[in-house]
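# Here's a sequence, model it:
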Amino acid sequence: MTKIELLKMLDREAKSYRKTALASIERNGHMNDLSTMDIRVMKEDQERFQRFADAILVDFVNYIGNGQGLDYGLYTKHLDPKK
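Numbers count the residues shown, from 1 in each chain. Now for the predicted structure:
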(Lines give C-alpha, C1' and ligand atoms only; values in the text may rest on other atoms or scores of the structure.)
Protein backbone atom coordinates (compact mmCIF):
# COMPACT_ATOMS: atom_id res chain seq x y z
CA MET A 1 0.00 0.00 0.00
CA THR A 2 1.40 3.39 -0.96
CA LYS A 3 1.29 6.40 1.34
CA ILE A 4 -1.47 8.06 -0.66
CA GLU A 5 -3.50 4.84 -0.73
CA LEU A 6 -3.23 4.72 3.08
CA LEU A 7 -4.47 8.29 3.38
CA LYS A 8 -7.34 7.67 0.99
CA MET A 9 -8.33 4.60 3.00
CA LEU A 10 -8.21 6.60 6.24
CA ASP A 11 -10.28 9.32 4.56
CA ARG A 12 -12.93 6.77 3.51
CA GLU A 13 -13.02 5.19 6.94
CA ALA A 14 -13.27 8.58 8.69
CA LYS A 15 -16.27 9.47 6.51
CA SER A 16 -17.94 6.20 7.45
CA TYR A 17 -17.00 6.25 11.14
CA ARG A 18 -18.11 9.82 11.83
CA LYS A 19 -21.77 8.84 11.45
CA THR A 20 -21.52 6.39 14.35
CA ALA A 21 -18.73 7.97 16.40
CA LEU A 22 -20.80 8.80 19.48
CA ALA A 23 -22.44 5.37 19.62
CA SER A 24 -19.06 3.71 19.12
CA ILE A 25 -17.45 5.77 21.88
CA GLU A 26 -20.29 4.91 24.25
CA ARG A 27 -20.25 1.21 23.31
CA ASN A 28 -16.50 1.05 23.84
CA GLY A 29 -16.57 3.01 27.09
CA HIS A 30 -14.46 0.35 28.75
CA MET A 31 -11.61 1.42 26.45
CA ASN A 32 -11.69 5.15 27.21
CA ASP A 33 -11.76 7.40 30.25
CA LEU A 34 -15.14 8.99 29.60
CA SER A 35 -17.70 8.92 32.37
CA THR A 36 -21.42 8.35 32.02
CA MET A 37 -21.80 12.10 32.57
CA ASP A 38 -19.36 12.84 29.72
CA ILE A 39 -21.44 10.68 27.37
CA ARG A 40 -24.66 12.32 28.55
CA VAL A 41 -23.24 15.80 27.88
CA MET A 42 -22.18 14.77 24.36
CA LYS A 43 -25.63 13.33 23.65
CA GLU A 44 -27.29 16.53 24.84
CA ASP A 45 -25.32 18.60 22.32
CA GLN A 46 -24.74 16.21 19.44
CA GLU A 47 -24.13 19.01 16.94
CA ARG A 48 -21.22 20.33 18.99
CA PHE A 49 -19.94 16.78 19.56
CA GLN A 50 -20.01 16.15 15.79
CA ARG A 51 -17.97 19.29 15.11
CA PHE A 52 -15.35 18.19 17.65
CA ALA A 53 -15.33 14.61 16.35
CA ASP A 54 -14.94 15.84 12.77
CA ALA A 55 -12.10 18.15 13.78
CA ILE A 56 -10.27 15.30 15.53
CA LEU A 57 -10.78 12.90 12.61
CA VAL A 58 -9.50 15.43 10.08
CA ASP A 59 -6.58 16.41 12.27
CA PHE A 60 -5.63 12.75 12.74
CA VAL A 61 -5.74 11.90 9.03
CA ASN A 62 -3.73 15.03 8.17
CA TYR A 63 -1.29 14.24 11.01
CA ILE A 64 -0.66 10.77 9.57
CA GLY A 65 -0.15 12.31 6.12
CA ASN A 66 2.23 14.91 7.47
CA GLY A 67 4.24 12.19 9.18
CA GLN A 68 4.58 10.54 5.77
CA GLY A 69 5.76 13.77 4.17
CA LEU A 70 2.43 14.46 2.43
CA ASP A 71 0.11 17.44 2.73
CA TYR A 72 -3.18 15.60 2.32
CA GLY A 73 -5.31 18.69 2.97
CA LEU A 74 -8.43 17.02 4.36
CA TYR A 75 -11.00 19.51 5.71
CA THR A 76 -14.01 18.82 7.91
CA LYS A 77 -16.27 19.84 5.03
CA HIS A 78 -14.93 16.83 3.10
CA LEU A 79 -16.30 14.39 5.71
CA ASP A 80 -19.94 15.18 5.05
CA PRO A 81 -21.01 14.24 1.52
CA LYS A 82 -24.01 16.60 1.82
CA LYS A 83 -21.68 19.63 1.91
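# how would you label the spatially most central residue of the chain: helix, strand or coil?
Nearest to the geometric centre of the chain sits residue 57, at 2.8 Å (Cα atoms, centre = their mean). Taken by DSSP: H, G, I helix; E, B strand; the rest coil, the conformation at residue 57 corresponds to helix.
# Surely it touches residue 17?
Yes: here residue 57 reaches residue 17: they are 7.2 Å apart, a contact under Cβ atoms under 8 Å. Any C-beta I mention is one placed from the backbone N, CA and C, and that applies to glycine too.
# measure the residue nearest to the centre of the chain to residue 35 for me?
Distance from residue 57 to residue 35, counting by Cβ to Cβ, to the nearest Å: 22 Å.
# And for residue 68?
35 Å.
# which one of the two has more residues nearby?
Neighbour totals were compared for residue 68 and residue 35, and residue 68 leads with 13 against 10 (other Cβ atoms under 10 Å).
# now stretch 47-56, how far from the centre of its chain.
How far stretch 47-56 lies from its chain's middle: 8 Å, per Cα atoms, centre = their mean, to the nearest Å.
# pLDDT averaged over it - what is it?
The pLDDT scores in stretch 47-56 average 97.
# which parts of it are buried?
Buried residues in stretch 47-56, counted by 16 or more other Cβ atoms under 10 Å: 49, 50, 53, 54.
# ok, and the closest non-adjacent residue to the last one?
So that's residue 54. Distances taken as Cβ to Cβ, 6 or more residues apart in numbering put residue 76 closest to residue 54, at 4.3 Å, once the chain neighbours are dropped.
# Repeat that for the third one.
Sequence neighbours aside, residue 21 is the residue nearest to residue 53 in space, at 4.6 Å (criterion: Cβ to Cβ, 6+ apart).
# I'd say that neighbour and residue 55 touch.
No: judged on Cβ under 8 Å, residue 21 makes no contact with residue 55 at a distance of 11.7 Å.
# picking up where we left off before, can you redo the buried residues of stretch 47-56 as JSON lines with secondary structure and distance to residue 10?
Formatted as JSON lines, the buried residues of stretch 47-56 follow (DSSP: H, G, I helix; E, B strand; the rest coil; distance: Cβ to Cβ, whole Å):
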{"residue": "49", "secondary structure": "helix", "distance to residue 10": "21"}
{"residue": "50", "secondary structure": "helix", "distance to residue 10": "19"}
{"residue": "53", "secondary structure": "helix", "distance to residue 10": "15"}
{"residue": "54", "secondary structure": "helix", "distance to residue 10": "14"}
